[in-house]
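Participant: Here's a sequence, model it:
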Amino acid sequence: MQTLLDNLGKILDGFQLTVIIFAGGTVLALVLGTVLAAMRVSPVPPLRLAGAAYVNVVRNTPLLLVFIIVVFGLPEVGVQLSFRLFAMLAVGVYTAAFVTEALRSGINTVGAGQAEAARSIGMTFGQTLSQVVMPQAARSVIPPLGSILIALLKNTSVAAGFGVIEATGTLRNLGRDNPQALYWLFLGIAAGYIILVLLISVVFRVLEHRLVVVR
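Facilitator: Take a look at the predicted model:
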């Protein structure tokens, strides 16, 4: 227990990096996922095909392999970033596939009559999607989006295998240096993840109640 308290600063630093990676990955996943969802319901066949291909390939690819491609593959084509940014990119592009499917399921819950009414007053597909359909779709899929982002938070632990000393990486290093206190260190890191997951759950529960779609 004393080892845990003595290394509390390092543990907090690790969780700070975990939150940074989570935040960056979340922004990328939501933005990219929204674009891909629009592509998947687009009237343009090549866009639908590209969106479907991305989702099917990425969802069936292990996250570890995505990390390997990002961390080791991108530098080969001239993309040089810090390991922290590579970690954000990896979890972001991976999670975007799941965000896409969640949003697409939400789009399918919006009545077809609303899109038809929007087109009847001269709105384009882009205007209909962004101003009529997508706002309702996003509100209807808040619970699954919360679960997806909780999974993203836990997936940041994979970054520990690529030189990023986030929470899990901190546990690995401290456990190596203090094997006699591994049990307490594990409990401390686990408690930190539980707190973060509970915070995300509370935020999305509040959003769900405030933005609930009444059918």
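
Participant: the bottom helix or strand of this structure by mean pLDDT?
Facilitator: Ranked by mean pLDDT, DSSP states H and E, the weakest helix or strand in the chain is helix 2-6, scoring a mean of 63.

Participant: Show me what counts as buried in whichever helix or strand comes after it.
Facilitator: Downstream of helix 2-6, the next assigned helix or strand under DSSP states H and E is helix 8-40. Of the residues in helix 8-40, 11, 14-15, 17-19, 21-22, 24-26, 28-30, 32-34, 36-40 count as buried by neighbour count, 16 or more other CB atoms under 10 Å. Glycine gets a C-beta too; all of them are placed from N, C-alpha and C.

Participant: which residue packs closest to L145, ignoring adjacent ones?
Facilitator: Nearest residue to L145, sequence neighbours excluded (CB to CB, 6 or more residues apart in numbering): A102, at 5.6 Å.

Participant: Isn't Q127 up against I121?
Facilitator: No - the pair Q127 and I121 fails to qualify as a contact (CB atoms under 8 Å) at a distance of 9.9 Å.

Participant: The two: which has the busier surroundings?
Facilitator: Q127 (13 against 8; other CB atoms under 10 Å).

Participant: From L149, how far off is the closest residue to R59 other than its chain neighbours?
Facilitator: Computed as CB to CB, 6+ apart, the closest residue to R59 that is not its neighbour in sequence is A97, at 4.7 Å. To L149, A97 is 14 Å away according to CB to CB, to the nearest Å.

Participant: ok, now which ones touch I189?
Facilitator: 11, 14, 167-168, 170-171 (CB atoms under 8 Å, 6 or more residues apart in numbering).

Participant: Check which residues of the host helix or strand of it are buried.
Facilitator: According to DSSP H and E, I189 maps onto helix 182-210. Within helix 182-210, the residues scored as buried using 16+ other CB under 10 Å are 184-185, 188-189, 192-193, 196, 200, 204, 208.

Participant: quick check: mean pLDDT across that helix?
Facilitator: Across helix 182-210, pLDDT averages out at 85.

Participant: what inclination does that helix have with respect to helix 8-40?
Facilitator: Inter-element angle recorded for helix 182-210 and helix 8-40: 40 degrees (by axes from the mean of the first three to the mean of the last three CA atoms, to 10 degrees).

Participant: give me the number of residues near I68?
Facilitator: By other CB under 10 Å, 14 other residues sit near I68.

Participant: no, scratch that, I was asking about Q114
Facilitator: By other CB under 10 Å, neighbour count at Q114 equals 13.

Participant: now swap in the one 4 residues further on and tell me
Facilitator: Other residues within reach of A118, judged by other CB under 10 Å, total 18.

Participant: can you pull the contacts of the closest residue to it other than its chain neighbours?
Facilitator: In space, and not counting its chain neighbours, A118 is closest to T128: 4.1 Å by CB to CB, 6+ apart. Contacts for T128 (CB under 8 Å, 6+ apart) come out as 115, 118-119.

Participant: and whichever strand or helix holds G92, average pLDDT?
Facilitator: Under the criterion of DSSP H and E, G92 resides in helix 83-109. In this model, helix 83-109 has a mean pLDDT of 91.

Participant: tell me the angle of that helix relative to helix 8-40?
Facilitator: 40 degrees.

Participant: How far off centre is helix 83-109?
Facilitator: Its chain's C-alpha centre and that of helix 83-109 lie 5 Å apart, by CA atoms, centre = their mean, to the nearest Å.
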